[in-house]
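> Okay, structure incoming, though there's no sequence with it:
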């Protein structure tokens, strides 16, 4: 792609889905205009570029919009093929990468949310569920450096934003993820050594403050 | 790929997710061994090849398993590239195809299920939701022959199995989808003229009988 590309990202700083796109853009070294959305008062541009879901993130590339974080990441990988390929080349490895990214998409967010949005028994159940999901992911990671092997790739991009939420989950749930999933936390630290990740993820303390403000807004505690 | 490929499909005849894989295999002209699963008593092979979700369909290609219907369809398309490509070539078109397949995956099954699994007000709500989703899809189809344009492709494969369920939805819900979505029903008829589709979809009457047996099992009506 030529240097004349215009790339705009509609996003929310603490969003794990938005962070995926930011990591992918950083991996590829793409310059873009970042526009923070206010979800309580969505911009006309967001409503026009994602009329079906009306959700962030939306990537607008030369006037054309792409929605849904994992679809955007694949789009970025296919358009800017040259630098740091995120998807493997071989069909079976690609299917495996899609399987685990889809697993993360379906399984991690909801119990994570319930850790900070519920209390008592419900919260305990959410913590248990969350740890089980992370253990399944840790088993898949095994002794590898990254989910795809030696190189940071698609599944890492899908999961790493949740790592920046660990502090909020742990503080609200009064537990330590590292005790249960030491290899996964080591993987998170390894990813954080990449500039693309370190500069794209939100600050865990800021996420925690956001969670506290959400709890107040929802009248929890 | 050489003719020595061994392809096995673990599936359930009335499953819309299984049908997607059967359509894709038929489009590519791939011979395979079909194994009907009993979901009340899953085979050891299913539990071993899809230990995470334990769901059909599973494609076993030369001993390696691929799970999740849309991931399997993409895998088939990438391995058997030569015949009838299902995904477009251009990244933006690919992102659009993935967006709509994902929309179908997230939105169609659940209200469809509630049409036959609930009654009264709940059922009315499900019918309304279902029609709204189909109207969004019909608007996307527009005047095109298929979702991707002139050629039968990925989004068509994702949606067409639901067409074979229309008779069961309509009979249980006492409504006509064609009245609300004539273009979508015309698209369904168009797809059914393809041998790959006609031979892969379950018989609507058989699906209806399956639904009736499920209603009895669940004690509905």
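Perfect, thanks for sending it. Treat the numbers as computed from the prediction; the structure is a model and nothing was measured.

> How far off centre is stretch A:126-146?
Taking C-alpha atoms, centre = their mean, to the nearest Å, the mean C-alpha location of stretch A:126-146 is offset from the chain mean by 16 Å.

> I'd like to know the average pLDDT value across it.
Summarised as a single mean, pLDDT over stretch A:126-146 is 98.

> what about stretch A:51-61, start to end distance?
Length of stretch A:51-61, first residue to last, C-alpha to C-alpha, to the nearest Å: 17 Å.

> can you list contacts of that stretch?
Applying C-beta atoms under 8 Å, 6 or more residues apart in numbering or on different chains, the contact partners of stretch A:51-61 are A:5-12, A:15, A:17-18, A:20-21, A:37, A:39, A:42, A:45-47, A:49-50, A:65-69, A:72, A:75-76, A:79, B:92, B:99, B:103, B:136. Placement of C-beta: from N, CA and C, glycine included.

> Now, of those residues, which are buried?
By neighbour count, with 16 or more other C-beta atoms under 10 Å in any protein chain shown, the contacts of stretch A:51-61 hold A:7-12, A:15, A:17-18, A:20-21, A:37, A:46, A:49-50, A:65-69, A:72, A:75-76, A:79, B:92, B:99, B:103 as buried.

> Contact partners for residue A:67?
With the criterion set at C-beta under 8 Å, 6+ apart, residue A:67 makes contact with A:49-50, A:52-53, A:55, A:57-59, B:99.

> What confidence value was assigned to it?
In this model, residue A:67 carries a pLDDT of 98.

> so where do the strands sit in chain A?
For chain A, applying DSSP state E gives strands covering A:7-11, A:33-36, A:58-61, A:64-67.

> and those strands as CSV, adding distance to residue A:120?
Formatted as CSV, these follow (distance: least, C-beta to C-beta, whole Å):
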stretch, distance to residue A:120
strand A:7-11, 34
strand A:33-36, 35
strand A:58-61, 37
strand A:64-67, 37
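
> list the buried ones in the longest helix along chain A?
When chain A is parsed with DSSP state H, its longest helix is helix A:120-141. For helix A:120-141, burial by neighbour count (16+ other C-beta under 10 Å) applies to A:123, A:126-127, A:129-131, A:133-134, A:137-138, A:140-141.

> list the contacts for the closest residue to residue A:114 other than its chain neighbours?
The shortest distance from residue A:114 to any non-neighbouring residue, by C-beta to C-beta, 6 or more residues apart in numbering or on different chains, is to residue A:126 (3.5 Å). By C-beta under 8 Å, 6+ apart, the contact set of residue A:126 is A:111-112, A:114-115, A:118, A:173.

> List just the nearest of the buried residues of helix A:120-141 to chain B.
Chain B has its nearest neighbour among the buried residues of helix A:120-141 in residue A:140, at 8.7 Å by C-beta to the nearest C-beta.
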